[in-house]
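Undergrad: Quick one: sequence and predicted model below, then my questions.
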Amino acid sequence: MFYFSARYVGSLGEKSLKVQMDKLWKNWTVHNIISHPVSEVLYLISLPFVGREKAENISGWIHDVTLPDQVRGTGRG
């Protein structure tokens with residue numbers, strides 16, 4: 001599926017392919033299925049070493065960096 005998608009997008013031009021690949025990981029599926037568990041695991045691992053505040057910052061950064069682009073004021077947040 002991924003091969004087909006990249007090949008299809010590539011036929012639109014190299015710039016379009018780069019834009020699509022740059023945003024491949026910034027979608028709700030990746031955010032919910034990968035980012036949430038990873039951010040929680042990193043929080044639990046880093047907590048004893050760096051303290052609560054820093055662990056929350058690390059976890060929050062992982063969470064926020066994978067949020068898909070959206071128009072401000074739309075959605076739940």
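TA: Thanks, I have the structure now. Numbers count the residues shown, from 1 in each chain.
Undergrad: list the buried ones in the helix or strand that residue 39 is a member of?
TA: Here residue 39 sits within helix 36-50, counting by DSSP states H and E. Neighbour-count burial for helix 36-50, counted by 16 or more other Cβ atoms under 10 Å, picks out 39, 42, 43, 46. Quick note: C-beta positions are derived from backbone N, CA and C, even for glycine.
Undergrad: Was I right to think the first one contacts residue 63?
TA: Spelled out, it's residue 39. Yes: with contact defined as Cβ atoms under 8 Å, residue 39 reaches residue 63; the gap is 4.6 Å.
Undergrad: Looking at residue 38 now. What's its pLDDT?
TA: Looking at residue 38, its pLDDT stands at 96.
Undergrad: Check residue 41 too.
TA: According to the model, residue 41 scores 97 on pLDDT.
Undergrad: Relative to residue 59, how far out is it?
TA: 9 Å (Cβ to Cβ, to the nearest Å).
Undergrad: Same check on residue 65?
TA: The value you get for residue 65 to residue 59, if Cβ to Cβ is used, is 11 Å.
Undergrad: Which one's more surrounded, these two?
TA: Per other Cβ atoms under 10 Å, whichever of residue 65 and residue 59 has more neighbours is residue 59, with 21 against 12.
Undergrad: Distance of that one relative to residue 74?
TA: The value you get for residue 59 to residue 74, if Cβ to Cβ is used, is 25 Å.
Undergrad: got JSON lines for the buried residues of helix 36-50, with distance to residue 53 too?
TA: Below are the buried residues of helix 36-50 laid out as JSON lines (distance: Cβ to Cβ, whole Å):
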{"residue": "39", "distance to residue 53": "15"}
{"residue": "42", "distance to residue 53": "14"}
{"residue": "43", "distance to residue 53": "11"}
{"residue": "46", "distance to residue 53": "11"}
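Undergrad: Residue 27 is in contact with residue 69, isn't it?
TA: No: Residue 27 lies out of contact with residue 69 (Cβ under 8 Å); the separation is 9.8 Å.
Undergrad: of the two, who's got more company?
TA: Applying other Cβ under 10 Å to residue 27 and residue 69 shows that residue 27 carries more neighbours, namely 13 against 7.
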